[in-house]
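**Student:** Model the structure of this input:
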Amino acid sequence: MSSLGFSVGTCSPPSEQRKYRFLVNNSLNKAEAINLRNKQKASYDPELSLVQLSSCGRREAILGFGFSIGLLDNVSALAETTSCEFSVSPSGLAFCDKVVGYGPEAVKGQLIKAHYVGKLENGKVFDSSYNRGKPLTFRIGVGEVIRGWDQGILGSDGIPPMLTGGKRTLKIRPELAYGDRGAGCKGGSCLIPPASVLLFDIEFIGKA
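**Tutor:** Numbering: from 1, shown residues only. The predicted structure follows:
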């Protein structure tokens, strides 16, 4: 699996995380902060991006998204602006196909690649693979990502599977995402607040 610049699964050494947050929060040396983040990315273990190991605390995948970074206001939202009407499945997962796709669908357990933009219901972007110029690589249907992603890409009751080349927007209820715990919480504030409905614009690139 490939890493995400912002990842729930990023497990940099605590000392480096604290140093990075200090540099960013205090704006003392942006160059040093960027160099430190690049160093962390270079030594990043991609296996930690989607499934948190015990040393990282509670799993909060999907995304290898370092919620502690706090630079999300600078993420470019590259989701398509064309609106479409959502269809709601029995599980409550809503989807809207902007591009149906042209190739094979994903198979459970398969390693696949997908680009995405993640937003809160108010439209605020909290993560974007487009901004990093590299799609997310993960194994579909085995719990490496939030359930809304597994169901929304593989297909489930009332939801057709995505086809390679397809672009789909998912509206994911908290029960299929981060639930009542939220994600990226620190000091009483959460990047993804508890009980949040999430919107993901997903582009299914194909198998990895």
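**Student:** going forward, measure contacts between C-alpha atoms and count neighbours the same way
**Tutor:** Noted.
**Student:** Tell me which residues touch G103, please.
**Tutor:** 163-165 (CA atoms under 8 Å, 6 or more residues apart in numbering).
**Student:** can you give me phi and psi for it?
**Tutor:** phi -110, psi -170 (degrees, to the nearest 10).
**Student:** Would you map the strands across this structure?
**Tutor:** For the chain, the strands defined by DSSP state E occupy 87-88, 94-99, 111-120, 125-128, 136-139, 167-172, 183-186, 189-192, 198-207.
**Student:** Check which helices and strands the first one is in contact with.
**Tutor:** Packing contacts for strand 87-88, counted by 3 or more CA pairs under 8 Å, 6 or more residues apart in numbering; DSSP states H and E, involve strand 94-99.
**Student:** returning to that earlier point: reformat the strands of the chain as JSON lines; add distance to I153.
**Tutor:** As requested, the strands of the chain are exported to JSON lines (distance: least, CA to CA, whole Å):
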{"stretch": "strand 87-88", "distance to I153": "14"}
{"stretch": "strand 94-99", "distance to I153": "10"}
{"stretch": "strand 111-120", "distance to I153": "10"}
{"stretch": "strand 125-128", "distance to I153": "17"}
{"stretch": "strand 136-139", "distance to I153": "11"}
{"stretch": "strand 167-172", "distance to I153": "9"}
{"stretch": "strand 183-186", "distance to I153": "22"}
{"stretch": "strand 189-192", "distance to I153": "22"}
{"stretch": "strand 198-207", "distance to I153": "8"}
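**Student:** so which of those strands comes closest to D150?
**Tutor:** Between D150 and the strands of the chain, the shortest gap by CA to CA is with strand 136-139, which sits at 9.4 Å.
**Student:** what are the pairing partners of that closest one, and which direction each?
**Tutor:** In the sheet, strand 136-139 lines up against strand 111-120 (antiparallel) (DSSP bridges).
**Student:** so the strand it pairs with versus strand 198-207, what angle?
**Tutor:** Calculated by axes from the mean of the first three to the mean of the last three CA atoms, to 10 degrees, strand 111-120 forms an angle of 160 degrees with strand 198-207.
**Student:** List of residues touching strand 111-120?
**Tutor:** With CA under 8 Å, 6+ apart, strand 111-120 has contacts from 1, 77-79, 106, 125-130, 134-140, 192, 196-208.
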